[in-house]
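Student: With the input below, show me the fold.
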Amino acid sequence: MRRRAPDEERVPTLTPNQVVAYNLARARLFRGWTQEQAAEALAPYLGTRWSVANFSVIERSVDGGRIRQFTADDLFAFSRAFRVPIGFFLTPPVDDPRTYGIDTPDAGRDGLDPMELLDAILGTDETMEVWENELKLFGWAAGRRARIRDGQFEDLGRNVPDQGDRAKRLVNARLRLLFQTELGDVPAAKAALNTVMSILDRLDEDGVPVEPGEPRRAAPNKKKPA
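Tutor: Just a heads-up that it's a prediction; the model follows:
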């Protein structure tokens, strides 16, 4: 994380690779593993075993210094070893996502809004439509999985749900996140809306308060000037 200089009002930023390093440490702690245990769990999927010292340097890269560059192979290995989706490792820290930006080559000095990184993970209405069409086009719709091997049709013996439906769940997750960001949790939002409706029910058409049980007064007819 780039620290704010004393003489300038600059929002600290994290690169996407630093976000991965941050969440790698979180995933390890979530599983209750030491760095040595995590390195052992990762070894079969990475094809190499990290030393504890290397693991420590990688986790600390979130605080600056030399930032570790992760590959798609790394993210796939992390997902399999820690048993969480790849998106977990790219999720911006939740401490206070408004106090820093995501550092990318095209971003200004304060970085991008962290929501842009979440949009890249969870998708938007526009981007998810493209992905859903690709899932359907390349045979990821519901049905039994099969493949051609050595010129023979081979049934893999398992049913696969429609992957397009899973993509829609990501859109719903994004909408819930937006809702919580703007309005807070659902129960609190419902309570606030109920309060507003209660107040509106006690106002007549002219905005005059009406006591409970008192009939509303009809709004007077306003004549247009001749």
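Student: Select the helix or strand of the protein having the lowest average pLDDT value.
Tutor: Least confident helix or strand, the chain: strand 143-149 with a mean of 54, by mean pLDDT, DSSP states H and E.
Student: Residue 65 - how many residues pack around it?
Tutor: 9 (other C-beta atoms under 10 Å). No exception for glycine: its C-beta is placed from N, CA and C like everyone else's.
Student: what about it, which SS state?
Tutor: Secondary structure, DSSP: H, G, I helix; E, B strand; the rest coil: residue 65 is coil.
Student: how about it, what does it touch?
Tutor: Residue 65 makes contact with no residue under the criterion C-beta atoms under 8 Å, 6 or more residues apart in numbering.
Student: cool, the one 4 residues further on as well?
Tutor: With C-beta under 8 Å, 6+ apart as the criterion, the residues that contact residue 69 are residue 17.
Student: Confirm it sits in a helix?
Tutor: No: checked against three-state DSSP, residue 69 lies outside a helix; its state is coil.
Student: Per-residue pLDDT of it, please?
Tutor: With respect to pLDDT, residue 69 has a value of 94.
Student: how close does it get to residue 49?
Tutor: Counting by C-beta to C-beta, to the nearest Å, the gap from residue 69 to residue 49 is 19 Å.
Student: And for residue 131?
Tutor: Distance from residue 131 to residue 49, by C-beta to C-beta: 35 Å.
Student: which residues in the chain form helices?
Tutor: Taking DSSP state H, the helices of the chain run over residues 16-31, 35-46, 52-60, 72-82, 86-89, 114-122, 125-137, 163-183, 186-201.
Student: Turn these into a markdown table, columns for distance to residue 108 and mean neighbour count.
Tutor: Shown next, in a markdown table, are these (distance: least, C-beta to C-beta, whole Å; neighbours: other C-beta atoms under 10 Å):
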| stretch | distance to residue 108 | mean neighbour count |
| --- | --- | --- |
| helix 16-31 | 16 | 19 |
| helix 35-46 | 35 | 17 |
| helix 52-60 | 27 | 15 |
| helix 72-82 | 27 | 17 |
| helix 86-89 | 25 | 18 |
| helix 114-122 | 13 | 18 |
| helix 125-137 | 23 | 13 |
| helix 163-183 | 21 | 14 |
| helix 186-201 | 32 | 11 |
